[in-house]
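K.L.:
Any chance you can model this:
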Amino acid sequence: MGHPFPRVSVWETATASRGLTDVEGAAHWLLERWPAKVRRPRSYRPALKACLAALDGSGTVDRARSALVKAAADADILDRA
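P.N.:
Next comes the predicted model:
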């Protein structure tokens, strides 16, 4: 029982991107894999909360994905290619 969503690509380094395709992976990435040299924008915490809410059923997958995209875009690590 996963929580899939359309792929979101984020830059982990200047040359390596990662594709996130579900809420579980997005939450893990936000908590454990956010690039150390990238400052977390104000939208980071709402993105994490949205992912956790989707996992516990109090939020939606679409909201989690949208919040993830916003956080990555705000941090300038969204791979738009």
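K.L.:
so where does the most centrally placed residue in the chain fall, helix or strand?
P.N.:
Ranked by distance to the mean C-alpha position of the chain (Cα atoms, centre = their mean), the top residue is Leu68 at 3.6 Å. Per DSSP states H and E: Leu68 is located in helix 61-74.
K.L.:
can you give me the strands in the chain?
P.N.:
4-11, 17-22 (DSSP state E).
K.L.:
Same question for the first one: list its buried residues.
P.N.:
Looking back up the chat, that one is strand 4-11. Across strand 4-11, burial judged by 16 or more other Cβ atoms under 10 Å covers Phe5, Val8, Val10, Trp11. Any C-beta I mention is one placed from the backbone N, CA and C, and that applies to glycine too.
K.L.:
Please name the nearest non-neighbouring residue to the last one.
P.N.:
Translated: Trp11. Distances taken as Cβ to Cβ, 6 or more residues apart in numbering place Ile77 nearest to Trp11, at 4.4 Å, with adjacent residues excluded.
K.L.:
now that neighbour: how far from Leu31?
P.N.:
From Ile77 over to Leu31 the distance is 16 Å, taken as Cβ to Cβ, to the nearest Å.
K.L.:
Give me the more crowded residue out of those two.
P.N.:
Ile77 (19 against 11; other Cβ atoms under 10 Å).
K.L.:
which residues touch the nearest residue to Val69 once chain neighbours are set aside?
P.N.:
Nearest in space to Val69, with sequence neighbours left out and distances taken as Cβ to Cβ, 6+ apart, is Val8 at 5.8 Å. Neighbouring residues of Val8 by Cβ atoms under 8 Å, 6 or more residues apart in numbering: Gly19, Leu20, Thr21, Ala26, Arg65, Leu68, Val69, Ala72, Leu78.
K.L.:
hmm, which of these are the buried ones?
P.N.:
Among those, those classed as buried by 16+ other Cβ under 10 Å are Leu20, Thr21, Ala26, Arg65, Leu68, Val69, Ala72, Leu78.
K.L.:
Right, I'll call it a day here.
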